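Q: I need the structure of the sequence given here:
(chains A and B)
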Amino acid sequence: MEKISPIRLSELNARINNVLEKAFHAASFWVIADVTNHTFRSQKNYHNFELVEKDPNSNNIIAKVSSKAWGNGSARIANFEQVTGQKFTNNINVLVLVKVTFHGVYGLSLEVLEIDTNFTLGVLEQQRQATLEKLVAENDFIQKVGDHYRTKNNQLKLPMVIQRIAVISSKTSAGGEDFHHTLQNNPYGFVFEIHDYHSVVQGENNSDQFLSKLIEVYQSKLRYDAVVITRGGGAQTDFLIFDNYQIGRAVAKFPIPIITGIGHQKNETIADLMAHTQTKTPTKAAEFIIAHNKSFEDEILSFQKSILIKSQQLFSIHFQILLGVNSSIVNNTRDILNKYKDSLVQINQVTINTSKSILFNRKNELVGLSSQIVSKPKIILYNRISDIRNTISNLSTFKSLYLKNQRGYLGHYVSIIKMMAPENILKKGFAIVKVDNKITSNPDAILVGGDIEIMLASTQITTTVKKKTKYDGTEFNL
Amino acid sequence: MEQNLTYEEAYAELATIAKDIENESVSVDVLAEKVKRASELITFCQTKLKSTELEVNKIIAQMENANK
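A: Numbering: from 1, shown residues only, chains lettered A, B, ... in the order given. Below is the predicted model of the structure:
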């Protein structure tokens, strides 16, 4: 049996250290790994953790090395947290520059010298993009439009005046106080009713609490004009809660307009993208609300001003119109009266003139007539007198001739009458027939067998009628 | 002036009278009557305008005071 010659453990460690020292001296390596079992002692500024590699398929750990960071390494980690907004903690995937060290008591470990921020930013950004895509894909109230997201919340219309506000902020947040202070000390004397809903607003694990606060706001049944989510500035380590899927979804779907005032200097959180309005700080959120209300007030004031101006204009227009109507009525009335007056004067004139001329004419007529009357009778008388004279001379001239003629006419008539005398006619052979002592020439008065008297020139014969015979009477036709 | 007469009605009547007078379609028999009516209407309209203006100014002054 070989003689055992044991060495001290520290000796062995020293030899291991030697070997490692030779193999890895001054060498450092960029390693991609996940962080687990992380602890941080802030007094010593000392990170203690394990770096592990998992099998991408089975998720089983296939490599694990205990690791630490201190001094400069801790400073780099702090910078990393600052830049990425990602806390250095368990379950993050990092790209770190490590040096292999060996300690007699603590054994093999990796010391972190540097941590790559861009790698982690890329990973975070990928997660963020994945969350956004999932939000769009799974919720019909979220749509991507260009670079923006149209959500149910940001399609809501802000009330014209924001007065009743629910604020979700952390209990001790300076941002929440800034918000209160800015609103309550606004220069316009606007009054706000602000209800605080306190919640832890950092750490992704607190998303449930945050969500429950949102739900509380909704269930309060108070008619809030807006919900404001604030988170003050300070350490840029923990805005990941606002990139949380559930919170993004809740904000997008929330029925009251949400205004974010998250003191976040990097790009917007998902909550910002889903909310109605995003501002960079709680103070800016308050200023936004004040400006919103101010614009309403300005609008009202401008209405007031234009009402004032317009009403004065209207009054002056109407006064003018009335004055115009008034003067037109006065003038036109005067015109009418003047016209009537004129026509009256004219008629008057005509009447006077016409009546004068009528009188004149009548007078003339009368004069003419009267002169006629004066002269006519003399002429008539003269004429009559000369007529009479003529007649007298005519009478004396024609008297003797006339008498002579008349005597001649009378001698003629005497001889005719002598010829017609009955004794001459009877002498010429004619007879006068009498019946009953009356002369007759009618044969009907003479009856057969009756007596008739026939008178001749010197003898009367009485006889009886034997017979009556008619004859044509032509025997004596001369 | 009759009650319940509005500015619009008064003004419409006034305009009709003014037009009639302008067109000289008013007979002398009613001219004085029409002009008298027109003068009443004008007084009515002016009074109404003035009182409305006064009231509006009062309201506006109140509005302005409220803003101070």
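Q: gap between residue A:161 and chain B?
A: The gap separating residue A:161 from chain B is 15 Å, by CB to the nearest CB, to the nearest Å. (C-beta placed from N, C-alpha, C; glycine too.)
Q: may I have the phi/psi pair for that residue?
A: Main-chain torsions, residue A:161, degrees, to the nearest 10: phi -130, psi 130.
Q: which ones are touching it?
A: By CB atoms under 8 Å, 6 or more residues apart in numbering or on different chains, the contact list for residue A:161 reads A:225, A:292-293, A:296.
Q: if we use 7 Å, what do you get?
A: A:293, A:296 (CB atoms under 7 Å, 6 or more residues apart in numbering or on different chains).
Q: what does the one 5 residues further on give?
A: When contacts are counted by CB under 7 Å, 6+ apart, residue A:166 touches A:195, A:197, A:217, A:224, A:227.
Q: and chain B, which residues reach chain A?
A: Contact residues, chain B versus chain A (CB under 7 Å from any CB of the partner chain): B:14-15, B:17-18, B:21-22, B:24, B:26, B:28, B:31, B:35, B:38, B:42, B:45-46, B:49, B:53, B:56, B:60, B:63, B:67.
Q: just the residues you listed: which are in helices?
A: Using DSSP state H, B:14-15, B:17-18, B:21-22, B:28, B:31, B:35, B:38, B:42, B:45-46, B:49, B:53, B:56, B:60, B:63, B:67 are the members of the residues of chain B next to chain A that sit in helices.
Q: rewinding a little: can you redo the contacts of residue A:166 as CSV with pLDDT?
A: Shown next, in CSV, are the contacts of residue A:166 (pLDDT from 0 to 100):
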residue, pLDDT
A:195, 93
A:197, 91
A:217, 92
A:224, 94
A:227, 95
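Q: contacts only, for residue 48.
A: Because you didn't say which chain, this covers chain A. Residue A:48 touches A:39, A:68, counting by CB under 7 Å, 6+ apart.
Q: think we crossed wires, I meant chain B
A: The neighbourhood of residue B:48, defined by CB under 7 Å, 6+ apart, consists of residue B:7.
Q: next one: it relative to residue B:10, how far apart?
A: 7 Å (CB to CB, to the nearest Å).
Q: what do you get for residue A:410?
A: Here residue A:410 is placed at a distance of 117 Å from residue B:10 (CB to CB).
Q: who has more neighbours out of these two?
A: Just comparing residue A:410 and residue B:10: by other CB atoms under 10 Å in any protein chain shown the higher neighbour count belongs to residue B:10, 19 against 9.
Q: in a helix, the more buried one, correct?
A: Yes: under DSSP: H, G, I helix; E, B strand; the rest coil, residue B:10 sits within a helix.
Q: count of residues packed around residue B:41?
A: A count of neighbours around residue B:41, defined by other CB under 10 Å, yields 26.
Q: wait, it sits on residue B:13?
A: Yes: between residue B:41 and residue B:13 a contact is recorded at 5.9 Å, counting by CB atoms under 7 Å.
Q: in chain A, which spans are helices?
A: With DSSP H as the criterion, chain A has helices at A:9-24, A:72-84, A:117-138, A:174-184, A:207-219, A:245-253, A:270-274, A:282-420, A:422-427.
Q: which elements pack onto the first one?
A: Which is helix A:9-24. strand A:93-103 (3 or more CB pairs under 7 Å, 6 or more residues apart in numbering or on different chains; DSSP states H and E).
Q: what packs against the strand it packs on?
A: helix A:9-24, strand A:28-41, strand A:107-115, helix A:117-138.
Q: how far off centre is the third one?
A: Okay, so that is strand A:107-115. Distance of strand A:107-115 from its chain centroid, counting by CA atoms, centre = their mean, to the nearest Å, is 77 Å.
Q: what strands line up against it, and which way round?
A: strand A:61-69 (parallel), strand A:93-103 (antiparallel) (DSSP bridges).
Q: next, format those strands as CSV and append distance to residue A:41.
A: Below are the strands paired with strand A:107-115 laid out as CSV (distance: least, CB to CB, whole Å):
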stretch, distance to residue A:41
strand A:61-69, 11
strand A:93-103, 17
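Q: just name the most buried of those.
A: Among the strands paired with strand A:107-115, ranked by average contacts under mean count of other CB atoms under 10 Å in any protein chain shown, first place goes to strand A:93-103 (a mean of 18).
Q: for that one, give the mean pLDDT please.
A: What strand A:93-103 shows for mean pLDDT is 90.
Q: now do the contacts for the residue positioned nearest the centre of chain B.
A: With distances taken as CA atoms, centre = their mean, residue B:45 lies nearest the centre of chain B, 1.7 Å away. Contacts for residue B:45 (CB under 7 Å, 6+ apart) come out as A:322, B:7, B:10-11, B:14.
Q: do residue A:427 as well
A: If a contact means CB under 7 Å, 6+ apart, then residue A:427 has residue A:457 as its contacts.
Q: for it, give its distance to residue A:159.
A: According to CB to CB, residue A:427 stands 171 Å off from residue A:159.
Q: report pLDDT for residue 19.
A: All of this is about chain A. If you check residue A:19, the pLDDT there is 90.
Q: hmm, I had chain B in mind actually
A: We note a pLDDT of 86 for residue B:19 in this prediction.
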